[in-house]
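**Student:** Sharing a model prediction with you, sequence too.
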Amino acid sequence: QVQLVESGGGLVQAGGSLRLSCAASGLTFSRYTMGWFRQTPGKKREFVVAISWSGGSTYYADSVKGRFTISRDNAKNTVYLQMNSLKPEDTAVYYCAAKLWGGVTTASATEYGYWGQGTQVTVSS
């Protein structure tokens, strides 16, 4: 079955960096648009960034533009999220997700059919 497994979360001070990874299995990874979302308690899951199947197109939420970078390695079935200049408001559980249809600029979580279990990112002030 399809599995998406995130790793790399943790506790970091404001201004620091973290790199999240999401390893996929059970699907033809190179056909899927991959996205990162985040969620804090009591709030709706929020779109962060997406990358097309080839890696040629990306789309970032305004809140992370210029600080976060998404990339993928189709040979390793892995998508990455490099997070720099982290802020306390970036604290959340981060989820990776996969969708087969729709472009990178459609930021709706409902379009993504597969989800990882999430990894906690905590940024202290």
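**Tutor:** Yes, it's here.
**Student:** how about residue 59, what does it touch?
**Tutor:** 49, 50, 104, 105, 107 (CB atoms under 8 Å, 6 or more residues apart in numbering). Glycine gets a C-beta too; all of them are placed from N, C-alpha and C.
**Student:** nearest residue to the fourth one other than its sequence neighbours?
**Tutor:** What sits nearest to residue 105 in space, not counting adjacent residues and going by CB to CB, 6 or more residues apart in numbering, is residue 59, at 4.8 Å.
**Student:** Tell me what that neighbour is bridged to.
**Tutor:** residue 50 (DSSP bridges).
**Student:** Which two of the contacts of residue 59 have the greatest separation?
**Tutor:** Greatest spacing in the contacts of residue 59, by CB to CB: 49 and 105 (11.0 Å).
**Student:** The spatially most central residue of the chain: what's it in contact with?
**Tutor:** With distances taken as CA atoms, centre = their mean, residue 36 lies nearest the centre of the chain, 2.1 Å away. Residues counted as contacts of residue 36 (CB under 8 Å, 6+ apart) are 20, 22, 48, 49, 50, 70, 79, 81, 94, 95, 96, 97.
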